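# quick one, what's the 3D model for this:
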Amino acid sequence: MSFLQAIALAFDTIRVQKLKSFFTVIGVTIGVTFLIAVVSIVAGMSRYMKDDLVGKIIAVNSFSLRRTPDFQVGDVTQATRNEWRRRPQIEDSDVEPVAEALSPDIVWATQSESNVTVESPYGKPRQADASAVSPGWFDIKHMGVSDGRLISPQEYQYGTPVVVIGKDVADHFFPNLSPVGRELTIHSLPYTVVGVAESQGSIFGQSLDKFIVAPEKSPLKRLLVQHGTIDAMIVQAPTEAGMREAMEAARAVMRGRRHLHPSQPDNFELETSDSALDFWNSIQKYLTIAGVALPTVGLVVGAIVIMNIMLVAVAERTREIGIRKALGARRRDILNQFLVESATLSTLGAAVGVGLGIGFAKLIAAVSPLPAAVAVWSIFVGVGIGAGVGMIAGIYPASRAALLDPITAMRQET
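Have a look, this model is predicted:
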């Protein structure tokens, strides 16, 4: 019997015994379903973290000079927190020496940020993320406007009280109105809106459009940080190699200004997207392992079920096996027939599991903030696992069938 004939015979058996075939493969189907779903969600989360979450917060090929890490995730000890509190602030006077050490193709900007209460005649007071920035900030963020304009060089120079606002701020404080040219009040001081930024989207359902941005020299900065300090200096290079060189130049300047000896650690932070992703990369590995290991329980149960069902099939078809042997079928033919039948059943269940897993992952992505990206390798792994489970589970029943004595088998009553 050829391989294709064995597959055709397996499908004939599946068609005739639909209910039995369904219960045979359900364990494999469930195991592969969860394998595909979990791997898809983890892959989607990874892409989301790298492209959306971190990409929107930290620009490509950029780093920020800060007093403490902006991304404080994972287990942070109290001793580490105490060390962070003892660090000196990043001062305005630090900016120029660092900037002078950078190559001409580097873009940089300063940023000071905090939450403030915003008011307008058209909307109730509301909290918003406020930033006082220097020229270059919008270029690094690759942020344009959907209405109005960005802050002009003269407004940066003189600290004019103007702001660019996010879409959510515009919708709340100026419903059905153009915000451009109108005023927002921040701690009793009026600021003129000159532009509405392009929508930045959301992260895990949290909007990134609840912000206002003003020139660094405007009065807003005094509300955000201590006098003479900034929260961060953001530096962007054309390439990753250029960014690494800029980081070392900034580190050398800051260590020199703070008189740190070679044996002393940095008392400031140079944070890149890699820093932000370190925690995710560490848990992604464990999530992937769990996503592959947990469905194994279902696959083991499925293999046991397949083996038992195939043993029943051998018992039910003993007379058939005897007749086939009497007509010239070799042990290898009988062995291949049952192995292919078992593997076909299991592979079919795995294929159904792949489809269900993809659908389950898409459903979760549609009804929750969790994204999903189907990893192509997981489809091949799922189908391969299905075939492997069927082969392994079918070895013992197939061997029993192949070793049956034809005369004894033909005497078996069905």
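# longest strand anywhere in this protein?
Counting residues, the longest strand found in the chain (DSSP state E) is strand 107-120.
# by contact count, what packs against it?
Using 3 or more Cβ pairs under 8 Å, 6 or more residues apart in numbering; DSSP states H and E, the elements in contact with strand 107-120 are helix 92-100, strand 123-133, helix 137-141, helix 167-173, strand 183-186, helix 220-224, strand 229-230, strand 232-236. Heads up, the C-betas are built off the backbone N, CA and C, glycines and all.
# out of the ones you listed, which is closest to residue 317?
Closest approach to residue 317 among the helices and strands packed on strand 107-120 is made by helix 167-173 (68.2 Å; Cβ to Cβ).
# does anything pack onto the closest one? Which helices or strands?
strand 107-120, strand 123-133, strand 189-197.
# now those strands in CSV, with mean neighbour count, mean pLDDT and distance to residue 35?
Shown next, in CSV, are the helices and strands packed on helix 167-173 (neighbours: other Cβ atoms under 10 Å; pLDDT from 0 to 100; distance: least, Cβ to Cβ, whole Å):
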stretch, mean neighbour count, mean pLDDT, distance to residue 35
strand 107-120, 19, 94, 42
strand 123-133, 18, 93, 40
strand 189-197, 20, 95, 42
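# out of those strands, which is closest to residue 237?
Closest among the helices and strands packed on helix 167-173, using Cβ to Cβ: strand 107-120, at 8.0 Å.
# and that closest one, which strands flank it?
strand 123-133 (antiparallel), strand 183-186 (antiparallel), strand 232-236 (antiparallel) (DSSP bridges).
# what sits up against the second one?
The one in question is strand 183-186. Applying Cβ atoms under 8 Å, 6 or more residues apart in numbering, the external contacts of strand 183-186 come out as 116-120, 130, 163, 165, 169, 173, 190-193, 212, 220, 223.
# can I get the helices and strands packed on helix 167-173 in CSV with distance to residue 151?
As requested, these are arranged in CSV below (distance: least, Cβ to Cβ, whole Å):
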stretch, distance to residue 151
strand 107-120, 12
strand 123-133, 8
strand 189-197, 7
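# residue 71: which of those strands is closest?
strand 107-120 (14.4 Å).
# now the closest one and strand 189-197, what's the angle there?
For strand 107-120 against strand 189-197, the angle by axes from the mean of the first three to the mean of the last three Cα atoms, to 10 degrees is 120 degrees.
# name the nearest residue to residue 115, ignoring sequence neighbours.
Residue nearest to residue 115 in three dimensions, not counting chain neighbours: residue 127, with 5.2 Å by Cβ to Cβ, 6 or more residues apart in numbering.
# ok, that neighbour touching residue 117?
Yes: at 6.0 Å, residue 127 counts as touching residue 117 under the criterion of Cβ atoms under 8 Å.
# grab the most central residue of this structure for me.
By Cα atoms, centre = their mean, the chain has its centre lying nearest to residue 45, at 1.9 Å.
# roughly how far does that residue sit from residue 285?
Distance, residue 45 to residue 285, using Cβ to Cβ, to the nearest Å: 13 Å.
# now the strands for this protein?
With DSSP E as the criterion, the chain has strands at 62-66, 90-91, 107-120, 123-133, 145-148, 162-165, 183-186, 189-197, 202-203, 206-207, 211-215, 229-230, 232-236, 269-272.
# strand partners (parallel or antiparallel) of the first one?
If I follow you right, that is strand 62-66. Strand 62-66 sits in its sheet next to strand 232-236 (antiparallel), strand 269-272 (antiparallel), going by DSSP bridges.
# quick one: these as a markdown table, columns for mean pLDDT and distance to residue 377 too.
Listed next are these as a markdown table, based on pLDDT from 0 to 100; distance: least, Cβ to Cβ, whole Å:
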| stretch | mean pLDDT | distance to residue 377 |
| --- | --- | --- |
| strand 232-236 | 94 | 34 |
| strand 269-272 | 89 | 28 |
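# reformat those strands into CSV and put distance to residue 404 and mean neighbour count next to each item.
Converted to CSV, the strands paired with strand 62-66 look like this (distance: least, Cβ to Cβ, whole Å; neighbours: other Cβ atoms under 10 Å):
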stretch, distance to residue 404, mean neighbour count
strand 232-236, 74, 24
strand 269-272, 67, 19
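# out of those, nearest to residue 135?
Here strand 232-236 is closest among the strands paired with strand 62-66 (Cβ to Cβ), at 12.0 Å.
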